[in-house]
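Chemist: How does the following fold in three dimensions:
(3 chains)
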Amino acid sequence: MNPTDLVQTAVSGLANGALYAFVGLSFSLVSRSTGLINFAQGDLTMLGGMLTAVMTEATVPLFIAVPLAALICAAISGGFYYFAIRPSTRATMSQLVIITVGLSILIRGAVTSIWGTDPRQVPPFTAGGPIAVGGVSILPQQLWLIGLLAVVAIATTWFFRRTVLGLALRASSGNALGASFVGIDNRVLGLFAFAAAGFLGGLVGAVWSPIAYAQVDIGVGLGIKGFTGAMLGGLHTAYGPLVGGVLLGIFEAFTAGYVSSHYEDALIFALLILALLLRPQGLLGGANSTTQDERPEQILSTSVRATTFGRRDFIGIAIGIAVLGLIGAVLPGVWVSNAIFAGIEAMAVIGLVLLTGFAGQLSLGQAAFMMIGAYASAYLTVRSGWPPILALMVGAALSVVVALALGRIIFRLRGFYLSMASLGLLMIALTFAREWYGITGGPSGFVGIGAFSLFGFDLGSDTAVYYTVATFVVISLLFGMSIARSRIGRALLAIRSSESAARACGVDVVGLKMRIFAFSAATASVGGSLYGHYLSIVNPSPFGLDATIQQLTAVTVGGFLSLWGALAGSLLTVALPQLIGWVSGSVASQFIAGIDYIIFGLLLIGIVMTQSNPALHRFRMRLSHRGTGAAVDAKESVRAP
Amino acid sequence: MSASVLAVEGLSVNFGGLRAVNDVSFAIGENEIVGLVGPNGAGKTTIFNAIFGMIAPTSGRIVFRGRDITGLAPERIAEAGITRTFQNVRLFGELSVRENVMMGAYNAGRCGVIASIARVGRHRRLEKLAAERADRWIARLGLSAYANMLATGLPLGLQRIAEVARALAGEPRLMLLDEPAAGLNEVEKRQLADLLLAAAAESGCALLLVDHDMHLVMGLVHRVVVVDFGRKIADDSPAAVTRDPAVIEAYLGA
Amino acid sequence: MTKSWMLLAAAIFSVLGAVAARAQDATEFKVGYVASITGLIAPITKYYMDGLDAGIKMVNESGGVGGLPVSVVKCDSQSNEAQAVLCTKRLIEQDKVNMLMGVGGTAPTVAIEPTVQAAGIPLFAIAAGRISYAPLKKWVFKAIIGNDDQVPTVVKFLKKKGCIKVALIRDNTAFGNDSAKSIKEEAARDGVEIVADEVYTPTDTDITAQLTRIRGLNPQAVINYAVGIGVGGLISKEMVQLGMKQPSFVGMNQQIVGYAVNAGPEGTAQTFFVAAKVASAADLPKDDPLYGPISTFTKYFKELHPDETPNSNSPTAVDALLIAQAAGKAIGKKVLDREALRDAIEHVTNLAGLQGFWTFTPEQHWSSLEAGAQIVTYDGKTWAPAN
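Modeler: Numbers count the residues shown, from 1 in each chain, chains lettered A, B, ... in the order given. Predicted coordinates:
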């Protein structure tokens, strides 16, 4: 271990750490002020770099381009808060996470459409090559970055400790109602926090991207790492994001340089999960300084739920099955194929309706179970020659076991922390799928998987696959409906509203979450198995964050509580790119490709907004009074606005 | 002690260096209504949460009907026969009033996910039981007109009553009521008090309630336990407690 | 609630079902191109498209395919396997194309092959991995310079230059993995030692840790295989930053001007690129067997894109058209019959394409294009063969 290399690695890690620290600081700013986590924070950073690149290419001088880029990001972030988040006063944490996911997609779609996906270079502040000090080199721009970080760190600390506005922000994050009593308008504060975080994000993007490059896809990873760093150091502390971000950068560099670059990702996510589980307040946080906000409830239900299967339900189910059957017989081939992929996704989404919709647990790791099913089926049929139906069942059983084991661990977490932990597990699973060459075939995975067959009947044609998938979908749907209409369904909704009250009624909350998680794992796994047979190849690429976001979109479009809605949502996410492609004819271009991202982003934001709007909320309340004849004045209870 | 439903023995709860509850002991007998009062920060909610398993006591025991329930999880305690209401009404917003009260009966038996999918006999029986109990208590507490409304659409007073109905549907031997009258006007408080008395008598369960309205508490309970700075300073009938000099000093003194 | 969802789903399907199938136009030869217009492979796809434009003109102004004008219908697979399959089916059923090409990445290409085989339509596999065209598949043909052609070019060049201690750094995608495997096998055959195999994610923005480790091993050269253009150039830039003087060798997909922008002038000066002969068209001697098609193509390319020069990725989607054209010379208008077209392609022998010589037989739907690959360098203005 050459000392020069050691120092060099540390220096590189420090520079990256500065970047993560900045991003983490933005997360912290928003979280301390509003209790929210802005999933799009990384994309705002990317946008800062992108805007600077575009402007300098149009010969705008750098000293104008950089602040202008930062201001534009501030405007987008602040505007987003003002128009999308602020009116959604009755959204739960999960809903708000989904809105910010929508913003992330929207930004990426817009950038793709306007400027394409090519990476771009951004000019550095000072010209000149790397500065070498005895074999260790550092770029001038990296010094700028670190220097700027120091300045910003001092400024934000001073701001939070010494200015009235800063103190107000800290006050309102702890107790919004109390803060409003003292005359603090937390909507203005929220606006400020988001705008400031946007400004910081855009600024660091502009300062950092000369070191690497600006490209539409790099934002998400940055956001995740910035968040991880902030969590490690302490999201709600003054210096936590800084310390955590820098430590993370150095940890990452040393893992890549001295342990294994192959497992670098997995180790970082493992670190995040450990931090979330063992020390959510971070290194610098005090024992009780985690704030998991209790926001006022949002009601999704429009009417009282049915608890039994009545005659109308059977008719409805029969109609549904008939329509599904008709589709397979009537539609031209390519749209049947769309339906097949939609059905496969629906298998994953049905479980999510129960887990995320009913119980309010936002899991971002569902794709991992599809992956387990896909690989189990691939491995057992290709390498061991098992009949596909057995392989499918083994995959499902394996997924259930994994879900129960992991569920017991991660369902101690709530809200965004749960989401991040589940995402971390997915990323770790992807790393293993990529690296366990002997079992999974590495990044190329398995090829030549045979068609699904049952008792010797080869079900390879599109129509046969469609009916197979449809059958499994209907079975899962019926199971899901049965759960929804049972005491378990009631208990899940109870968990969504108030876990403590649910426990007070005797509900084993963690256990129930685990079991629904296992159910959703089983259906997702079956979907994954069918996917492998249909596509004939299995590799890690379809099971990443993009798949998760697609599933989230399907659940959201479906209205969170509707199982049939989830089917329709799945169909939309699969068919929309094809529809847009068809409509735009042969003019397939990046502009068009960005459009379906824009549409999905707007859908996510719009749907959650309409569900969370208080005016609509009152409308829903009134809906439920229909038929009782009671002239009750639906006064809202005394709670925080 | 053999007739006591709940016995709190030497309960202490420390938060870091702070002794929130310091060696508190008291008992609640069958059908007794006991009030737990004290100035703000005296440790009342902490005692509640300790009984209900939401925080772990540093030392001491909690015995319920002869069984040591110290440190059990809240859902187990609910199963054992203690239910509660919350200071900031925690009704289930996605459920109707009736469904909320049915949830109170969740602890009547175990029926898991798979059994529910299959809707086996056990599930149907539990559902029937829950429905019966819910209907009975809703009718008894005068909520029939609102049964099918989404629970949080009701005005606060009715919501509190609904929460009581939910707690009663669990057929508890002991009910913990955390500030059941907060936010109610005088008329509503009177109604609530009458309902509580009647319900307790009818279901034969004991009540432990915390509230700040002295008038309400004194008029309702058989016995009062007074805590101050985490210590018990009085444990007697309402009349005796109002004359107790230590109590008077705790409330009016420095 | 259920009703409204059923209605929505029914509405979506009505729209889908009502999509009018585009009529089969017996007056043109339609090629379907399943392309990765967004996603990981997107930056290179742009060059495929630019070259394709020139190629279409080139083919049409020399008799088309079987006497018919060529038109290309594109579909964006978003670098996503499922969408690639859906694109393929749509092109076959709705647009009724006569021939397919795609997808740009090895895995999505393999993913669409069952559909192609079932529908019985010729596919030119635009994928670097051998597995996309071998073992023999009835309807699938090799279309581009693949790993099998590139890798020996690189490794033999290294051996020739006396670089026998070489470090490898590549991304963790299937492409990076397959390339690594090919490189290690070829290196073993040629007696070159691979001293490191470092890995990164395509969207990573800092690779200095891995490079520092490589620096410590003091190799004579660094092979850098990446799908992503941004990170490919970045590695070169960071090597310079770390004071590493070794040359780096990158794959054909990186042989674009964008690389030089990302790598910086010093990084580019130290880089050797695997390239097709098209890349150094200006330097191509008139007696080079590929001179004819390459110079013709370059002429058309410059007409359409006066400010650019073709790079190794420009001819990628064009040779498929040239091969179809050659097949069409034998059977004329029967190119509209898929079986006939396929048979004719199988008898194409020694066709001078832009990437090399194409020879197909009924037993082998690929041929070696090693002769069409070379190593070039870039001085900021021109790409010149390295010696």
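Chemist: what's the distance between whichever residue of chain B sits closest to chain A and C:L322?
Modeler: Residue of chain B nearest chain A, by C-beta to the nearest C-beta: B:N107 (2.8 Å). C-beta here means a position set from N, CA and C on the backbone, and glycine is covered the same way. Computed as C-beta to C-beta, to the nearest Å, the B:N107 to C:L322 distance reads 77 Å.
Chemist: Likewise for B:A240?
Modeler: Counting by C-beta to C-beta - B:A240 and C:L322 are separated by 106 Å.
Chemist: How about the contacts made by C:V72?
Modeler: Applying C-beta atoms under 8 Å, 6 or more residues apart in numbering or on different chains to C:V72 gives the contacts A:586, C:30-33, C:52, C:56.
Chemist: who wins for neighbours among the residues you listed?
Modeler: Within the contacts of C:V72, C:Y33 tops the neighbour count with 29 neighbours, counted by other C-beta atoms under 10 Å in any protein chain shown.
Chemist: Pull the contacting residues for that residue.
Modeler: Contact analysis of C:Y33 by C-beta under 8 Å, 6+ apart lists C:52, C:72-75, C:100-102, C:317.
Chemist: One more pass at 6 Å, please.
Modeler: C:Y33 sits next to C:72, C:74, C:101 when contact means C-beta atoms under 6 Å, 6 or more residues apart in numbering or on different chains.
Chemist: Just confirm it is within a strand.
Modeler: Yes. Applying DSSP: H, G, I helix; E, B strand; the rest coil, one finds C:Y33 inside a strand.
Chemist: how close does it get to C:G230?
Modeler: 24 Å.
Chemist: Checking the residue of chain A found nearest chain B next. Helix, strand or coil?
Modeler: Closest to chain B within chain A is A:G506: 2.8 Å, counting by C-beta to the nearest C-beta. Three-state assignment for A:G506 (three-state DSSP): coil.
Chemist: For it, grab the count of nearby residues.
Modeler: As a burial measure, A:G506 scores 24 neighbours (other C-beta under 10 Å).
Chemist: wait, what's in contact with it?
Modeler: When contacts are counted by C-beta under 6 Å, 6+ apart, A:G506 touches B:75, B:78-79, B:106-107.
Chemist: Now a ChimeraX select for only the buried ones of the residues you listed.
Modeler: Command for ChimeraX that selects the buried part of the contacts of A:G506, burial taken from 16 or more other C-beta atoms under 10 Å in any protein chain shown:
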select /B:75,78,79,106,107
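Chemist: can you redo the contacts of A:G506 as TSV with pLDDT?
Modeler: Formatted as TSV, those follow (pLDDT from 0 to 100):
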residue	pLDDT
B:E75	91
B:A78	93
B:E79	92
B:Y106	92
B:N107	87
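Chemist: closest to chain C among the contacts of A:G506?
Modeler: Distance to chain C, by C-beta to the nearest C-beta, is smallest for B:Y106 among the contacts of A:G506, at 25.4 Å.
Chemist: Kindly confirm my reading that the closest one is in a strand.
Modeler: No. Checked against three-state DSSP, B:Y106 lies outside a strand; its state is helix.
Chemist: Would you mind putting the CA coordinates of stretch C:155-162 into PDB?
Modeler: The C-alpha coordinates for stretch C:155-162 follow below in PDB (Å, rounded to 0.1, in the frame of the first residue of the first chain):
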ATOM      1  CA  VAL C 155      -4.800  -7.300 -28.100                       C
ATOM      2  CA  LYS C 156      -2.700  -8.100 -31.100                       C
ATOM      3  CA  PHE C 157      -1.800  -4.500 -31.400                       C
ATOM      4  CA  LEU C 158      -0.800  -4.400 -27.800                       C
ATOM      5  CA  LYS C 159       1.300  -7.500 -28.300                       C
ATOM      6  CA  LYS C 160       2.900  -6.000 -31.400                       C
ATOM      7  CA  LYS C 161       3.900  -2.900 -29.400                       C
ATOM      8  CA  GLY C 162       5.400  -4.900 -26.600                       C
END
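Chemist: Now tell me what touches it from outside.
Modeler: With contact meaning C-beta under 6 Å, 6+ apart, stretch C:155-162 is reached by C:186-187, C:190, C:192, C:221, C:375.
Chemist: just checking, what's the longest helix in the chain?
Modeler: Reading this off chain A. Ranked by residue count, the top helix of chain A under DSSP state H comes out as helix A:3-34.
Chemist: oops, chain C please
Modeler: In chain C, with assignment by DSSP H, the single longest helix is helix C:42-60.
Chemist: before we move on, the earlier item: what about B:A240 and C:L322, which has more around it?
Modeler: With neighbours defined as other C-beta under 10 Å, B:A240 and C:L322 compare such that C:L322 has more, 24 against 13.
Chemist: buried residues in the helix or strand hosting that one?
Modeler: Using DSSP states H and E, C:L322 sits within helix C:319-331. Using 16+ other C-beta under 10 Å as the test for burial, helix C:319-331 gives C:319-328, C:331.
Chemist: CSV please, covering these and showing distance to chain B and pLDDT.
Modeler: Converted to CSV, these look like this (distance: C-beta to the nearest C-beta, whole Å; pLDDT from 0 to 100):
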residue, distance to chain B, pLDDT
C:D319, 57, 93
C:A320, 53, 94
C:L321, 57, 94
C:L322, 60, 94
C:I323, 57, 94
C:A324, 56, 94
C:Q325, 61, 94
C:A326, 62, 93
C:A327, 59, 93
C:G328, 61, 92
C:I331, 61, 90
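Chemist: Please convert those residues to CSV, extending it with distance to A:F600.
Modeler: Converted to CSV, those look like this (distance: C-beta to C-beta, whole Å):
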residue, distance to A:F600
C:D319, 37
C:A320, 33
C:L321, 35
C:L322, 39
C:I323, 39
C:A324, 37
C:Q325, 41
C:A326, 44
C:A327, 42
C:G328, 42
C:I331, 46
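Chemist: Show the pLDDT at A:L169.
Modeler: pLDDT recorded at A:L169 is 68.
Chemist: Great, nothing more from me.
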